[in-house]
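Participant: Output the structure for:
(chains A and B)
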2 protein chains.
Amino acid sequence: MSTPQRTLHLNAFLMSTGHHEASWRLPETDPYASSKIEHYKKLARTAERGKLDSIFFADSPVLFGEVGRRPAGKLEPTVLLTAIAGATERIGLIATASTTYNEPFNLARRFASIDWVSGGRAGWNVVTTAGPDAARNFGIEDQPAHAARYERAAEFIEVAQKLWDSWEDDAILADKSEGVWGDSTRIRTIDHEGKHFKVRGPLNVPRTPQGHPLIVQAGSSEDGKNLAARYAEAVFTAHQTLADAQAFYTDLKARTAAVGRDPESIKILPGIVPVIGSTEAEALELEQELDNLIKPEYARIQLAKTLRVDAEELPLDRQLPEDLPSEDEIEGAKSRYTLIVELARREQLTVRQLIGRLGGGRGHRTFTGTPEQVADAIQDWFYAGAADGFNIMPPVLPSGLESFVDHVVPILQARGLFRTEYTGRTLREHYGLERPANRYAGTAGPALTSIGSGF
Amino acid sequence: MSTPQRTLHLNAFLMSTGHHEASWRLPETDPYASSKIEHYKKLARTAERGKLDSIFFADSPVLFGEVGRRPAGKLEPTVLLTAIAGATERIGLIATASTTYNEPFNLARRFASIDWVSGGRAGWNVVTTAGPDAARNFGIEDQPAHAARYERAAEFIEVAQKLWDSWEDDAILADKSEGVWGDSTRIRTIDHEGKHFKVRGPLNVPRTPQGHPLIVQAGSSEDGKNLAARYAEAVFTAHQTLADAQAFYTDLKARTAAVGRDPESIKILPGIVPVIGSTEAEALELEQELDNLIKPEYARIQLAKTLRVDAEELPLDRQLPEDLPSEDEIEGAKSRYTLIVELARREQLTVRQLIGRLGGGRGHRTFTGTPEQVADAIQDWFYAGAADGFNIMPPVLPSGLESFVDHVVPILQARGLFRTEYTGRTLREHYGLERPANRYAGTAGPALTSIGSGF
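Facilitator: Reported below is the predicted structural model:
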């Protein structure tokens, strides 16, 4: 008997009209698409047609960047994914939500509700939300420190998971003849008391199809990697080189093992921007067309904010200044900062060139070429120990996702690298992850006392 | 020319298997329905078939009441209504959310997103969330005082409405040739600084189809009525007698006028529990069947909590004790407290009888009879100056809603009291309410500066 071939996990990272900042300027693009639910439903159905594991939306509770530059503003991701749930049947649905600017009871409940509504397809990308601008939407003058945000995030996840376990799977008796609906010995307060949170529980939603919605994480700082090792079941990450991706993969799997978890229980998906053409020349032409539509004056302002310098310090046709701050001085988005600076230094890029590279996918690896070439690149990284799968970031939507699904996926399927049909129903099943046991099941404890007023 | 006849507004107040606490015990009922999205989609489509203005879900962020007594736990309402949006086309969608346990930026954004996803059908029932048990899910040992909660609620609504106005309707230029997506002179920070909140804005969602999602309110305390007069566009209320309903209606319209608003801009909908049979005897039989299925030992515990006494102080076959606290001593759900005590005293009910009355609909008026009798009762209250419409609370779901839609609505339509087709697309249009002007439109102000990091 042969060992079954290891196969890829593929997530579609969706963003308004596409990851390339100039995507909205193409003739084919609807520049109002980002507020239209039908746009997103169509994208999700396309991804589902390609048998992808999941779709995903990034998020931050702030209006991000220059509004002139590209579609700004985003429908709130838990709302967006709930709306998409009804338009799809199998594909997983991963929404980003901040542990810094939410309360665990509310967020645990929303994800539990999405898990019910979607039949077990909910995932939560845990972010700590960098930046003082988001803080100012919540009455905070400057963002909490990086380490404090991650400490809160860890406790937040703990509280959420306790709440998701506060009902046992069989806590609903529904005994009509005796008139007993729920079993008060199998629904428990969690009585959490920690440094950041004090939460009594139980949750007011029964345990969900997946037990726990999937935990996803995307920060690659030291704090981020440690959080991922402890809690994450899927990790989205950004690397420009195979060597960096391999190092990250090896490191995170080792950290995961070091905290006593099976390294197979965390799936690592680097982001890739596939720029696809029917010939290599056609792909390069699309990339060039997009890059030509970038307005460097907008992008330079954003780059300057990221680098903590004034825009005037970044002449377009010169390389980055020598005296940038070190990562240790940065309180938010540390790993993204380092990635950008290292990319510029390594390839000796001018500011204009750097903007072009970042404009296409914010520092993620771009593969430009034919479907065959893109599939080769995916296979190479997969076999080279750099990935359990990929976070696909189409530069233009919907066309870039359609190209990937219609032309790259069939090649990966033909090579036995990707599923040809869904075998599972839940997001956990797609990623080959177990349904978690209930931490409280079988434990003795006092019956739940009456809470609240019923009239 | 004749004046067009004034017509009713009808909202379906949906609750798991129905408002009667024993509804889940009927042979027809699925006792697991409360976690099933298909149950709610079916209910919403039934209400839409009846051309109702809206559906509505109550909520509190706490596991409410005895879990043995009736289906406990609820899918989070903004998730639930978003899922329903995709299964319906016209009916309004009103979700309850707490101003005490949310942040304005997050909640304003979720309702804006639902308004986009539903094509302008979102409404927000603003509650301040009474009770120490909810507080304990948010790290607070005892609930905030009643007056402080309402003060925060008023400022919360102000902040939300400012955020909803932070984009002008035509702020998106989408100028592909010039490469300018949003107009930074028509997207503004709100720079709110108040007693409870400091929020910079702008919102990261464009202005929505309704401009502002509808504001709904349901508390009937002095603080609640003043909040409603200032902000509410629809009010759900509970009255046992026509005289009480008339007094409330007159009072709230006067308070609304007193703050400079058109009294027509607030729609008052008392709750009614229609127990419908094809004959009066059949309706009474259904009511009796349901009441017989109530387990008084559960209900008495809840009643005791509401009245702030021990359950032992409430023998089932005696009237309420004389020495209950006054409403002034109650910090939450004041008007519900008074309603219950006054009902018991006025009708000299024993605890057992009171439990029966409350078990059917928590203090709302029950009309038991034929469709004709229920329609008559609705018409009487409507013509008597007690209501602009009604909040329909079916005792059993789905059957009670189906009876109302299939048998009561056609009578109201035949009498010219209710629409036979939707004439509008948005929730505001159903309720005959104007789309609010943008408070910032046309105001001068500095262009929005760049926020956040775009890479």
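Participant: Could you use CA atoms for every contact and neighbour count after this?
Facilitator: Will do.
Participant: Run the chain-centre distance for the helix or strand containing A:Leu343.
Facilitator: Assessed by DSSP states H and E, A:Leu343 sits inside helix A:334-346. Per Cα atoms, centre = their mean, to the nearest Å, the displacement of helix A:334-346 from the mean C-alpha position of its chain is 20 Å.
Participant: export it as CSV, just CAs?
Facilitator: Once non-C-alpha atoms are left out, helix A:334-346 reads as follows in CSV (Å, rounded to 0.1, in the frame of the first residue of the first chain):
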residue,chain,number,x,y,z
LYS,A,334,6.7,44.6,13.2
SER,A,335,7.2,41.8,10.7
ARG,A,336,5.7,43.7,7.8
TYR,A,337,8.0,46.6,8.5
THR,A,338,11.1,44.4,8.5
LEU,A,339,9.9,42.6,5.3
ILE,A,340,9.6,45.9,3.4
VAL,A,341,12.9,47.3,4.6
GLU,A,342,14.8,44.0,3.9
LEU,A,343,13.2,43.7,0.4
ALA,A,344,14.3,47.2,-0.5
ARG,A,345,17.8,46.8,0.8
ARG,A,346,18.3,43.3,-0.6
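Participant: got a list of contacts for the next helix or strand after that helix?
Facilitator: Going down the chain from helix A:334-346, the next helix or strand is helix A:351-359, by DSSP H and E. Residues from elsewhere that reach helix A:351-359 (Cα atoms under 8 Å, 6 or more residues apart in numbering or on different chains): A:20-22, A:291, A:294, A:296, A:299-300, A:303, A:314-320, A:344, A:363-364, B:455.
Participant: how does it look with 6 Å?
Facilitator: Counting by Cα atoms under 6 Å, 6 or more residues apart in numbering or on different chains, helix A:351-359 makes contact with A:20-21, A:291, A:316-319, all of which sit outside it.
Participant: List buried residues within those.
Facilitator: A:20-21, A:291, A:316, A:319 (16 or more other Cα atoms under 10 Å in any protein chain shown).
Participant: pLDDT score for A:Glu66?
Facilitator: Looking at A:Glu66, its pLDDT is 82.
Participant: Now for it, how many residues are close by?
Facilitator: 25 (other Cα atoms under 10 Å in any protein chain shown).
Participant: Checking the residue of the stretch 201-350 of chain A found nearest chain B next. Helix, strand or coil?
Facilitator: Residue nearest to chain B within the stretch 201-350 of chain A (Cα to the nearest Cα): A:Asn204, separated by 4.0 Å. Classification of A:Asn204 using DSSP: H, G, I helix; E, B strand; the rest coil returns coil.
Participant: I'd say it and B:Ala72 touch.
Facilitator: No: under the criterion of Cα atoms under 6 Å, A:Asn204 makes no contact with B:Ala72, lying 7.1 Å away.
Participant: Among those two, which residue is more densely surrounded?
Facilitator: Neighbours of A:Asn204 and B:Ala72, each counted by other Cα under 10 Å, are more numerous for A:Asn204; the result is 25 against 21.
Participant: For the more buried one, list the residues it contacts.
Facilitator: A:Asn204 makes contact with B:62-63, B:73 under the criterion Cα under 6 Å, 6+ apart.
Participant: how about a cut-off of 8 Å?
Facilitator: Applying Cα under 8 Å, 6+ apart to A:Asn204 gives the contacts A:109, B:61-64, B:72-75.
Participant: Generate JSON lines for those, with secondary structure as supplementary columns.
Facilitator: Output for these, formatted as JSON lines (three-state DSSP):
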{"residue": "A:Arg109", "secondary structure": "helix"}
{"residue": "B:Pro61", "secondary structure": "coil"}
{"residue": "B:Val62", "secondary structure": "coil"}
{"residue": "B:Leu63", "secondary structure": "coil"}
{"residue": "B:Phe64", "secondary structure": "coil"}
{"residue": "B:Ala72", "secondary structure": "coil"}
{"residue": "B:Gly73", "secondary structure": "coil"}
{"residue": "B:Lys74", "secondary structure": "coil"}
{"residue": "B:Leu75", "secondary structure": "coil"}
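Participant: I'd like the mean pLDDT over the longest strand seen in chain A, please.
Facilitator: Ranked by number of residues, the top strand in chain A under DSSP state E is strand A:267-276. Averaged over strand A:267-276, pLDDT sits at 96.
Participant: Need the residues touching each of A:Asn204 and B:Ala72.
Facilitator: B:63-64.
Participant: how close does A:Val126 get to chain B?
Facilitator: Shown here: A:Val126 relative to chain B, a distance of 16 Å by Cα to the nearest Cα, to the nearest Å.
Participant: again with A:Asp133
Facilitator: 6 Å.
Participant: How many residues are close by that residue?
Facilitator: When neighbours are defined as other Cα under 10 Å, A:Asp133 has 23 of them.
Participant: thinking it is in contact with A:Pro61, fair?
Facilitator: No: in this structure, A:Asp133 is not within contact of A:Pro61 by Cα atoms under 8 Å, at 9.0 Å.
Participant: Name the SS class of A:Trp181, please.
Facilitator: Under three-state DSSP, A:Trp181 falls in the strand class.
Participant: unless I'm mixing things up, it is touching B:Gly65, no?
Facilitator: No: counting by Cα under 8 Å, A:Trp181 does not reach B:Gly65; the two are 11.9 Å apart.
Participant: Do you have the strands of the stretch 301-450 of chain A handy? List them.
Facilitator: Assigned by DSSP state E, counting those that start in this stretch, the stretch 301-450 of chain A shows strands spanning A:365-369, A:389-392.
Participant: Pick out the residue nearest the middle of chain A.
Facilitator: By Cα atoms, centre = their mean, chain A has its centre lying nearest to A:Asn125, at 4.8 Å.
Participant: Show which residues not belonging to whichever strand or helix holds that residue make contact with it.
Facilitator: Assigned by DSSP H and E, A:Asn125 falls within strand A:122-127. Strand A:122-127 is contacted from outside by A:92-99, A:111-112, A:114-115, A:153, A:213-219, A:427, using Cα under 8 Å, 6+ apart.
Participant: of the residues you listed, list those near chain B.
Facilitator: Contacts with chain B within the contacts of strand A:122-127, as defined by Cα under 8 Å from any Cα of the partner chain: A:112, A:114.
Participant: In strands only, show me the contacts of strand A:122-127.
Facilitator: Members of those lying in strands (criterion: DSSP E): A:92-98, A:214-217.
Participant: among these, which two are most distant?
Facilitator: In the ones in strands among the contacts of strand A:122-127, two members sit farther apart than any others by Cα to Cα. They are A:Gly92 and A:Ser98, at 19.6 Å.
Participant: Can you tell me, leaving aside adjacent residues, what's nearest to A:Ala174?
Facilitator: A:Trp181 (4.2 Å; Cα to Cα, 6 or more residues apart in numbering or on different chains).
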